[in-house]
Every structure is written in C-alpha cells, then in structure tokens.
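In: Structure of the sequence below:
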Amino acid sequence: MSQKYLKFHEVNFGYESACEPLFKGVSLQLSNGWTGIVGANGSGKTTFLKLATGMLMPDSGKISTPSRAVYCRQRTDDPPEQYAALIESQSKAASIIRGRFGLAPEWLERWATLSHGERKRAQIGAALWLDPDVLALDEPTNHVDAEARRILISTLETFQGIGLLVSHDRELIDRLCSRCIFIDPPHLTMRPGGYSKGAETAAAERAAVLRRHALKKEAYAKLLHEAGRRRALTAQKKSKLSKKGILKHDHDAKAKIDGARLSGKDAVGGRLLKQLEGRLSRLKEELGEFPIKKQSRLGIWLQGSISKRDILLNLPTQKIRLGEDGELTCPMLVLRSTDRVALTGPNGSGKSTLLRRLIPDLNAPPEHITYVPQEIGANECRKLLCEVQRLPRERLGHLMIIVSRLGSRPDRLLESAEPSPGETRKLLLALGMTREPHIVIMDEPTNHMDLPSIECLEEALADCPCGLLLVSHDRLFLDKLTGTEWRISKEPGLDKSYSLHIA
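Out: Purely as a prediction, here's the structure:
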C-alpha cells in the first residue's frame, strides 16, 4: 500500500448542546501505522474517529482524509452493511477473513441472538475486508474471548494503512501503536510510543511543569517579601524627610532634610521600589500563564450492604436453551450474601443468558440488586440520561460525584445528547450504588471504560461489602476481585452444547 496521509489543519469542533468546543485549533498529520487515541470517557475519542473518517464535519478548519476510510463503531446493535457481501464473495481475501474470524452465513439472520463477541468479530472482519486506507477501530476487543483477541491482534499487526485505535486494552495499544494522541479537551497532544510510554512521557512533562511552577512561585514569594520590606523602608525615609512636627525655630533639622532632598537619596529608594514592583507584576503574569490543569480526584467508595439473608440464590440443576439449537447444562448454583463469583467462558457459551435467567430468582428486593448489562442500546442510553437529568437535586449531586470519581466530567455528560457507552456504564453503576445493593452483577464491566476508570472501579469493588457476580474476559480484573469461578466450557464433540463447572 502506497504512503498516504491523514491531515488535520486548525480544526475546531463542538456539539450544539455543549457550552464549550470539544476540539480547538487541532493540527496534526498521520501516516501508515497504528495510532492510539487515549482519553477519559466522554473526552471525544469517538468524535475524533468520526471526524477522521468523514462521518462528521469540522466547524472550521480542514481535514484531508484518503478516499477509503472505514469507521468500526463501539456498539454492535446492527449488523455491518458489508456482511452479506463478505459472506457471498468468492475472493481469496474474503475466504481468509471468514475462516480466521469464524464467520457464518446464518449470523445475519440471527443477529439478535448472537453474543456480542460474535457480533464484534463480524463487525471487524467486514471492516478489514474493505481493505481501507484509514481504519478507525473503536474498542475492538470489547466482548471478545482470549482466542478471538489473539486472532484479532495478529490480523491487525499486518494492516498496512493508517490505523486509529481507541481501546481500554493497554496491552493492545502498547503492542500495535507507534504513537498515541492524548485527548484533553479542547486540546490534543501526540506522543511517541504506546500507551505506557506516552503516559510516562505525559507524567514527566507534568512533573517538569510543576517543578518550574514551584520555582517561579518561590521566586515570587521572595520578591513579594522584598517589595514589602522596601515599601516599609521607603515609607520610613519619607517620614524622616517630612518637616511636619519639627519646631519652627529648629533650623539645623530643617537644613538636614533639605540637604537629603537635594542629594536625591529619597528618589533612589522610590526608583528601586518601582523596578521591584515591575518585576513582581511580570512574575505574577508568568505564574498565571503556566499550563497547569487541575487533575480531578478519582476513587470512590461503593456503599453496598450485606443482605440479612444468607442465601441470595439457590438454583437447581437445569438445562438452559441457547438460541434455536444450543444448550447450557448447569449444576445446582448457590450464591451466598458475601460470595464473589467470576462467570467465565468463550463467546456464545451462554454467560449473559445465564445472568438473565438467574436475576429474577435472586433472594433480594429488586431495589437492592444492581445489574449492569453487557451492552445498552442507543435508545436506552438516551432514556437513561433523561432519567438522570430529572432526578431530585440531592440525589443527582450524589450520582454525579460517583461519576466524577470514575473519571468523567459531570457537566459535559449532562450537556450531551447521548452518553458514550463508558459513561452509560458509570451512570448505571452510580444509580445502583445509591440504593445500597445486596449484590452487584456486571456483565463485562471493563468494556468501554477508560483505564483510570477501570482502576478506580477495581478498587471500589474490592472494598464493597456486598456480593459480586462478574462476567469478564479480563483475567487480571477477575483475579483481584473474585474467589470462586463458574467456568463454562464446550462439551467435547458437541457443536453447540456447553456445561458449567464450579472451581
């Protein structure tokens, strides 16, 4: 593939519902290779991808994008437009992609029953089949199991065009990306290397700025002290040169004062003070111009409560239908009030189906059950935001504190027409936590969330006293939070039959 470029020149962009622009004066140039797009939920990562691929137009400035640009969105609500053509194509490239991602012809007809991991594989496979010059991937590893992730990474490593990658998967960004764009509205900063190197550089830059600021502040304090001392001396000298209070016939004292005035000693002190005050004013301006942005305080306490009922769930041995011809065999499942359980298994094995099956049987009042599903549709996101905006002031304030401690800006969130998927998860969790749950159930909790938010969530759930049931492909996340595993695996020799084992 020949060398092509993606160029932003003095780009400004903002949403009508927002008070401030999202991007201001953005200029950059990207060539072949992967670029990581890093920032907090709601900071504009998805908006940047849409601008880069021509799905959004800037308010001012210019964006030059190669003709073949594809955006692969976060959500998997709808099948990709190109899926049918990919399945029907007889080309070698189509055959390789179908085999590599395990894509089946019937997926289009039964899209609603596919797991989100299967949908994501279809979505990315269709995008790669188009062989674009610019490929923008928005959270490509959301929902996918370990094997699908391995296949995806090895495939993306061979991509020859301009790749833009938004992901909470730090390992993925470090492995693929030679540079990262860090978004902190309204500005963007490009740094070399993956996320880890870029974050280290950003931390070093901030530390250097803070050191320079501290030195300037110290110099200002010393100068302020010296100015005060000199003002006192000047006032003292002026007092001595005043004839007020001298006796009418004390000609010697008056002559001394006249001599001092003629010598100009009093004027010297005034000039020195004026010079000092000029330096003080300039130093104050420099301190005001220092590029130090206040960092939000992160970290939350999730106020769950331990149920007085010792047993929250007692499901008998049963078989659960998965789609038209799949089946999941479950042993007796018991969940106590303080149990912390990880539910694991490959894509399509029935994890989300099992959650939906067991929630109605939980031995807890509905208002004390916090459930965050794997995906929330766009319409549900908008409804959720409307519900939050109508909350009483006190409860809304409590909710927004939790959201801000998870790394999102409440003001920008409340101004948005539709919250991002990551912000939606934070809202659902915050709503649930204001009710002091007896159990928290989260289906792929780290999907869509930015890295600082994941760390905050991890710490908060570790300290939360109530029961936990977590579905995730993030092994490190599960190892830190759970003590029991419900592991789903495929039945040997049976195509769509799975069984659950307790470890």
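In: how many neighbours does residue 203 have?
Out: Neighbourhood size, residue 203 [other CB atoms under 10 Å]: 10. Using the backbone N, CA and C atoms, a C-beta is placed for each residue, glycine as well.
In: I misspoke; the intended subject was residue 200.
Out: Neighbourhood size, residue 200 [other CB under 10 Å]: 12.
In: Correct me if wrong, but it is in a helix.
Out: Yes. Counting by DSSP: H, G, I helix; E, B strand; the rest coil, residue 200 is found in a helix.
In: Regarding stretch 305-320, how distant is the last residue from the first?
Out: 31 Å (CA to CA, to the nearest Å).
In: Can you list the low-confidence ranges for the chain?
Out: 1-2, 220, 227, 233-273, 276-277, 280, 283-284, 286-304 (pLDDT under 70).
In: Domain-wise, how is it divided?
Out: 6-193, 207-288, 311-502 (automatic domain parsing).
In: Format the ones you listed as CSV; extra columns: mean neighbour count.
Out: Below are those laid out as CSV (neighbours: other CB atoms under 10 Å):
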stretch, mean neighbour count
domain 6-193, 18
domain 207-288, 12
domain 311-502, 18
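In: Using JSON lines, lay out the ones you listed together with distance to residue 200.
Out: As requested, the domains of the chain are exported to JSON lines (distance: least, CB to CB, whole Å):
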{"stretch": "domain 6-193", "distance to residue 200": "8"}
{"stretch": "domain 207-288", "distance to residue 200": "11"}
{"stretch": "domain 311-502", "distance to residue 200": "14"}
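In: For residue 305, find the nearest of the ones you listed.
Out: Nearest to residue 305 among the domains of the chain is domain 311-502; the distance by CB to CB comes to 4.6 Å.
In: start to end distance for that closest one?
Out: 17 Å.
In: How far off centre is that domain?
Out: Distance of domain 311-502 from the chain centroid (CA atoms, centre = their mean, to the nearest Å) equals 18 Å.
In: Number the residues from 703 up from this point.
Out: With the count now opening at 703, the last piece we talked about shows up as domain 1013-1204.
In: and residue 1172, what element?
Out: For residue 1172, the host element (DSSP states H and E) is strand 1169-1173.
In: what comes into contact with that strand?
Out: 1009, 1014, 1037-1046, 1053-1054, 1057, 1076, 1140-1147, 1163, 1179-1180, 1183-1184 (CB atoms under 8 Å, 6 or more residues apart in numbering).
In: again with stretch 1028-1039
Out: Against stretch 1028-1039 from outside (CB under 8 Å, 6+ apart): 1008-1024, 1043, 1050-1052, 1055-1056, 1060, 1064, 1140-1141, 1168-1169, 1171, 1188, 1190, 1193, 1198-1204.
In: So which of these belong to helices?
Out: Using DSSP state H, 1055, 1056, 1060 are the members of the contacts of stretch 1028-1039 that sit in helices.
In: will you turn those into TSV that also has distance to residue 774?
Out: Putting the ones in helices among the contacts of stretch 1028-1039 into TSV (distance: CB to CB, whole Å) gives the following:
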residue	distance to residue 774
1055	26
1056	29
1060	33
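In: Can you tell me which of these is closest to residue 820?
Out: residue 1055 (13.1 Å).
In: so the closest one makes contact with residue 1021?
Out: No. Between residue 1055 and residue 1021 there is no contact, the gap being 11.8 Å when judged by CB atoms under 8 Å.
In: quick check, residue 714 in a strand?
Out: Yes. Using three-state DSSP, the assignment for residue 714 is a strand.
In: That one reaches residue 727, doesn't it?
Out: Yes. Contact criterion CB under 8 Å: residue 714 and residue 727 qualify, at 6.7 Å.
In: Mutual contacts of these two, please.
Out: residue 763.
In: Quick check: can you name the pairing partners of the strand holding residue 1172 and their directions?
Out: If you go by DSSP bridges, strand 1169-1173 pairs up with strand 1042-1046 (parallel), strand 1141-1145 (parallel).
In: Can you name the residues in contact with the first one?
Out: Outside of strand 1042-1046, the residues that reach it under the criterion CB under 8 Å, 6+ apart are 1037, 1053, 1056-1057, 1169-1175, 1180, 1183-1190.
In: try 6 Å this time
Out: 1053, 1170, 1171, 1172, 1173, 1180, 1184, 1185, 1186, 1187, 1188, 1189 (CB atoms under 6 Å, 6 or more residues apart in numbering).
In: May I have that strand exported as CSV, CA atoms only?
Out: C-alpha atoms of strand 1042-1046 as CSV (Å, rounded to 0.1, in the frame of the first residue of the first chain):
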residue,chain,number,x,y,z
ARG,A,1042,-17.6,-13.1,45.0
VAL,A,1043,-18.0,-15.1,41.8
ALA,A,1044,-16.4,-14.9,38.3
LEU,A,1045,-18.5,-16.3,35.5
THR,A,1046,-16.2,-17.2,32.5
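In: returning to that earlier point: take the contacts of stretch 1028-1039 and keep only those in strands.
Out: 1013-1017, 1020-1024, 1043, 1141, 1169, 1171, 1188, 1190, 1199-1204 (DSSP state E).
In: Helix or strand: which one has the nearest residue to residue 891 once chain neighbours are set aside?
Out: Spatial nearest neighbour of residue 891, excluding adjacent residues (CB to CB, 6 or more residues apart in numbering): residue 884 at 4.8 Å. Using DSSP H and E, residue 884 falls within strand 879-886.
In: Alright, calling it a day.
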